[in-house]
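>>> Please work out how this folds:
(chains A, B, C and D)
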2 protein chains.
Amino acid sequence: MAATMKDLARETGLGLATISSYFNGGNVREKNKEKIETAIKKLNFEINEVARGLKTNHTKLIGVVIPELDMIFCAQIITEVEDILRNYGYATIVCDCRSDEKREEEALDFHFHRRVDGLIIMPTSTNGKGLKRFLEHNKPVVVIDRKIDGVDCDCVLVDNEKAVKDGIARLIEEKHEKIGLIAGPSDIYTSKERIKGYHKALKERGLQVDKSLISCGDFTISGGAKAMARLLDTRPDMTAVFVSNYEMTLGAMIELNERGVKIPQELSFIGYDNKEFAYASNPQLSIVAQPTKEMGKAVAQLILKRLQGDGNGKRKIWKLETEFIEGKSI
Amino acid sequence: MAATMKDLARETGLGLATISSYFNGGNVREKNKEKIETAIKKLNFEINEVARGLKTNHTKLIGVVIPELDMIFCAQIITEVEDILRNYGYATIVCDCRSDEKREEEALDFHFHRRVDGLIIMPTSTNGKGLKRFLEHNKPVVVIDRKIDGVDCDCVLVDNEKAVKDGIARLIEEKHEKIGLIAGPSDIYTSKERIKGYHKALKERGLQVDKSLISCGDFTISGGAKAMARLLDTRPDMTAVFVSNYEMTLGAMIELNERGVKIPQELSFIGYDNKEFAYASNPQLSIVAQPTKEMGKAVAQLILKRLQGDGNGKRKIWKLETEFIEGKSI
DNA sequence: CTGAAAGCGCTAACAA
DNA sequence: TTGTTAGCGCTTTCAG
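Modelled structure (predicted):
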C-alpha cells in the first residue's frame, strides 16, 4: 500500500512530528529536509488528505449546488470557480438539483455529511433554512445569482433590472410600443428583478404596462417556446419581444421558426446570454449577455477569503453588469 | 460541535461497536435500534464520512476529468453520471482541464491525492500513463468517448464511424458529390473514427475522396468557423458540408451567416449534437445527435459495478449509436 | 448480540 | 529544532 509518514520517519530516522512539520511549512533543518525529500521519492509517498482532514476538521472540499449543470450560464460560472479553487487546493463537488427543491435539500444534506468546508449555491428554494445550517457551523456560503432574504452571506448578483431596462429602452428607441416580455417563474428572484426592469423602462418613457404582454416561462427551452406561442396567439399586435434567459431564447426561436415568423420584419427580438448562439442565428440576434466569467471569479474570491479566515468580515454583495450586444434582430 | 458515535454510545448506554454496526447494517436488537434512533435525533448526529473514509480506505469520491465543462456534450453526460452516483452515496469531483494535457495530468494527481475511489475520464492526452496509476491501485477507471490504447479499462464510446457514414450517405442520396467534412484534430480518437466514416461512405458509393474537402478544426466554435471559411475559400464548388461536433457546428453556422450563404439552396448542411440548437436554427438543421443521457447511464453503471467489487470482470466496451435527425438543411 | 480495545494516517501540544 | 504522545471519529477484530 501507499507509504505513510511513519514510513518516512523510519526511513529517515527522524520523528513523526518533524515529517509533519516539513509538510506544514514548519522549521526543519536543511539537511533533514533533503533526507525527507529523498525518502519521499524513494517510497513514493503521497500525503493522505483524508487523514489530514480528520485531524484538522478541514476537508478542502467545497460543495456546489446548482439548478442545472447543462444550463450554459451555470456551466460557465462553475468551470471558472472550479478552476480557481483547484489552484488553492480545494476540490468542488457539484450537485445538480434539476431545479427541484427537494433534490436541492438532499444535495445540501449530502454536502453537510461530507463535511465540506464551504458552500456555493445558486438556489432553487427561496427559504434559506438549509443554508443557515452551514453558517451556524461556521462554514462560509456564497449565493450566486439569486438573493435570499434572511440569510446573511456573501452574494454575487447580476444587475438584472438594468439588463432588461436597457434592452427594452433600446426597443422603445426604435419606436416599438407593444413589447412582449418572456419572463421566468414569478417566484424567482432574478425573474422579479427582470420584470421590474421591464416596468421601469416602459414607465420612464411614459408607456403603459400591459400585463397580457408578459408571459412567464420556466427557464427551459420548452417553456420558452410555449411562452412565445402564448404571446403570438394572444397578442398578434406585438411588434417586439424580449426573452429573459438563454434556454427560453432558444425555445422562443424554435417557436418563431416553426411558425415562420420573420425577424426583424415581423417581430423584433432581443435574447439573453450565449453570444455564440446569437452570432450563429439568422439573422444575428441582439442579446443581453451576463458576465459569467467575472461572476465565477467573484464567487471564488469571496469564498477563498472566508476560508482563509475572514469569518467575521461584513457580508459582501457584488452586483455585476450585463453587456448589450447588438445584432440584426431589431 | 457535532455529535459523534461516542456520544450516541454514552446517551444510549450501548457500546461503540453496537452503534457502528447499526449504521453498517449489522444485527442490532430491535429495542436498541429504537434507542439509537431517538438518540440520533436528540443529539442531531450525522455520520462523519471523513473518519469513516480513513478507516475503510474508501472516500466515496469519484474523480471526473473532462476537456471542457461548457461543451454541452460533456455537461450532459456528467449531469447524468453525477445524479446516478449520488444516489449510491458517491460524490463526484469534476475537473475541467480545458483540453490541456498538462492540466489533465495535474487533475489526475489531484484526484489521486484525494484518494478518490474511482476515476471517470474523457481523455485529452492519448498516453494512458496517468490512468495506469489508478488501475495499479485497484481503482476502477472508466473512459468516455475516446479509447486509449494500452490501458485496460471499461469504455463507453459512440459509433462515430457509423454516425458520419450515415450522414454522408444521406447527402449522397441527394446527389451531392462534393461533400466537405469539418473534422476535429487529427490526433483525437473520435476525429479519426469520424474521418474513417467519411471515407467509407464515399468509397462505398464509388466516389473519390478528395483531401482538400476535409478541413480540421479543433472542436471549438472559432475553430469551426475557420474551418468553414477555409472550405468555402478553397472549394467554392462544394455543395454540402458535414460538421462533426457541436461547437464547430455553431462556428460553421456563424461563418455561413456572416457570408450570407443560403442553406440549403447554396449549401446543404449536417451538424452535430444539440437537437435544440438544430430546431432553433433557420432553416432547421439536420444533425447527428449523440446519446448523452444513455452514455451517462452506461458510465455510472460500469463504475458502480467495479466499485461493488467486480474488480476482475473482463473489461467492457460499450459502443452506443447516434441518431440522425432530419431538418430542412439538405 | 454487545462491549472493550486497537488502530487507520495525520496534527499539535508538550517536553527535551 | 526534534521526538513523544495523545487523540480526530470511525470500523473491526476478539471476547464475553
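>>> C-alpha from now on. contacts and neighbour counts both.
Noted.
>>> In chain A, mark out all the strands, start to finish.
Per DSSP state E, chain A carries strands over the ranges A:61-66, A:91-96, A:118-121, A:141-144, A:154-158, A:179-183, A:214-216, A:240-243, A:268-272, A:286-289, A:317-320, A:323-325.
>>> tilt between the second one and strand B:61-66?
So the one you mean is strand A:91-96. Counting by axes from the mean of the first three to the mean of the last three C-alpha atoms, to 10 degrees, strand A:91-96 lies at 80 degrees to strand B:61-66.
>>> distance between strand A:91-96 and the chain's centre?
Distance of strand A:91-96 from the chain centroid (C-alpha atoms, centre = their mean, to the nearest Å) equals 12 Å.
>>> Turn the strands of chain A into CSV, including mean pLDDT and mean neighbour count.
Formatted as CSV, the strands of chain A follow (pLDDT from 0 to 100; neighbours: other C-alpha atoms under 10 Å in any protein chain shown):
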stretch, mean pLDDT, mean neighbour count
strand A:61-66, 96, 25
strand A:91-96, 95, 26
strand A:118-121, 97, 25
strand A:141-144, 97, 26
strand A:154-158, 97, 22
strand A:179-183, 97, 27
strand A:214-216, 97, 21
strand A:240-243, 98, 27
strand A:268-272, 97, 27
strand A:286-289, 96, 26
strand A:317-320, 97, 16
strand A:323-325, 96, 17
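>>> Tell me, what's the model's pLDDT at the closest residue to DNA strand D within the stretch 51-200 of chain A?
For the stretch 51-200 of chain A and DNA strand D, the shortest gap (C-alpha to the nearest atom of the strand) falls at residue A:55, measuring 3.5 Å. What the model reports as pLDDT for residue A:55 is 90.
>>> what's the closest of the strands of chain A to DNA strand C?
Proximity to DNA strand C (C-alpha to the nearest atom of the strand) singles out strand A:61-66 among these, at 15.4 Å.
>>> pull the CA atoms of the closest one into CSV?
C-alpha atoms of strand A:61-66 as CSV (Å, rounded to 0.1, in the frame of the first residue of the first chain):
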residue,chain,number,x,y,z
LEU,A,61,-13.9,20.2,-0.3
ILE,A,62,-16.4,22.9,-1.4
GLY,A,63,-20.0,21.9,-2.1
VAL,A,64,-21.7,23.4,-5.1
VAL,A,65,-25.4,23.2,-5.7
ILE,A,66,-26.9,24.5,-8.9
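>>> Would you map the helices across chain A?
All helices of chain A, identified by DSSP state H, fall at A:5-12, A:16-23, A:30-43, A:49-56, A:72-87, A:101-113, A:129-136, A:160-173, A:189-204, A:221-234, A:246-259, A:275-280, A:292-307.
>>> quick one: which of the ones you listed is nearest residue B:25?
Nearest of the helices of chain A to residue B:25, taken as C-alpha to C-alpha: helix A:101-113 at 18.5 Å.
>>> And for residue A:236, the neighbour number?
As a burial measure, residue A:236 scores 10 neighbours (other C-alpha atoms under 10 Å in any protein chain shown).
>>> How about residue A:118: which residues does it bridge to?
Beta-bridge partners for residue A:118, by DSSP bridges, are residue A:62.
>>> Would you enumerate the residues in contact with it?
When contacts are counted by C-alpha atoms under 8 Å, 6 or more residues apart in numbering or on different chains, residue A:118 touches A:61-63, A:134, A:139-141, A:303, A:307.
>>> what's the answer for residue A:285, then?
Neighbouring residues of residue A:285 by C-alpha under 8 Å, 6+ apart: A:269-271, A:278-279, A:326-329.
>>> Out of the helices of chain A, which is closest to residue B:237?
Set against residue B:237 and scored by C-alpha to C-alpha, the helices of chain A come closest in helix A:275-280, at 23.2 Å.
>>> Packing partners of the closest one?
The elements that helix A:275-280 packs onto, with contact taken as 3 or more C-alpha pairs under 8 Å, 6 or more residues apart in numbering or on different chains; DSSP states H and E, are strand A:286-289, helix B:246-259.
>>> contacting residues around the first one?
Pointing back at strand A:286-289 there. Contacts of strand A:286-289 with the rest of the structure, by C-alpha under 8 Å, 6+ apart, involve A:163-164, A:167, A:269-275, A:278, A:322-330.
>>> hang on, the earlier thing: relative to residue B:51, how far out is the residue of the stretch 51-200 of chain A closest to DNA strand D?
Separation of residue A:55 from residue B:51 (C-alpha to C-alpha, to the nearest Å): 9 Å.
>>> more crowded one of the two?
Between residue A:55 and residue B:51, counted using other C-alpha under 10 Å, the more crowded position is residue B:51 (17 against 12).
>>> hang on, that one packs against residue A:54?
Yes. With contact defined as C-alpha atoms under 8 Å, residue B:51 counts as touching residue A:54 (5.8 Å).
>>> Low-confidence bits of the stretch 1-150 of chain A, can you list those?
Applying pLDDT under 70 to the stretch 1-150 of chain A flags the ranges A:1.
>>> So which residues on it come close to DNA strand D?
For the stretch 1-150 of chain A, the residues in contact with DNA strand D (C-alpha under 7 Å from any atom of the strand) are A:13-18, A:27-29, A:32, A:51, A:54-55.
>>> Now compare these and name the two farthest from each other.
A:29 and A:54 (28.0 Å).
>>> Between those two, tell me which one has more neighbours.
It is residue A:54, of residue A:29 and residue A:54, that has more neighbours when counted by other C-alpha under 10 Å, with 17 against 11.
>>> I'd like to know how far the more buried one sits from DNA strand C.
Distance of residue A:54 to DNA strand C, computed by C-alpha to the nearest atom of the strand, to the nearest Å: 5 Å.
>>> got the domain boundaries for chain A?
Following automatic domain parsing, chain A resolves into domains at A:5-47, A:59-157+A:292-321, A:160-290.
>>> who's the residue of the stretch 1-150 of chain A found nearest chain B bridged to?
Of all residues in the stretch 1-150 of chain A, residue A:93 sits closest to chain B, at 4.9 Å by C-alpha to the nearest C-alpha. With DSSP bridges as the criterion, residue A:93 is bridged to residue A:63, residue B:93.
>>> Quick check: it touching residue B:95?
No. In this structure, residue A:93 is not within contact of residue B:95 by C-alpha under 8 Å, at 9.8 Å.
>>> gap between the two ends of stretch A:115-133?
The separation between the terminal residues of stretch A:115-133, taken as C-alpha to C-alpha, is 12 Å.
>>> Now that stretch: buried residues?
Neighbour-count burial for stretch A:115-133, with 16 or more other C-alpha atoms under 10 Å in any protein chain shown as criterion, is recorded at A:115-125, A:130-132.
>>> Dump the residues you listed into TSV; add distance to DNA strand C as well.
Formatted as TSV, those follow (distance: C-alpha to the nearest atom of the strand, whole Å):
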residue	distance to DNA strand C
A:115	15
A:116	17
A:117	15
A:118	18
A:119	22
A:120	25
A:121	28
A:122	32
A:123	33
A:124	36
A:125	36
A:130	29
A:131	27
A:132	26
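>>> how about those in TSV, adding distance to residue B:248?
As requested, those are exported to TSV (distance: C-alpha to C-alpha, whole Å):
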residue	distance to residue B:248
A:115	41
A:116	38
A:117	39
A:118	37
A:119	35
A:120	32
A:121	31
A:122	30
A:123	33
A:124	33
A:125	37
A:130	41
A:131	40
A:132	44
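>>> before we move on, the earlier item: show me the two of the contacts of residue A:285 that sit farthest apart.
The most widely separated members of the contacts of residue A:285 are A:269 and A:279, with 13.6 Å between them, by C-alpha to C-alpha.
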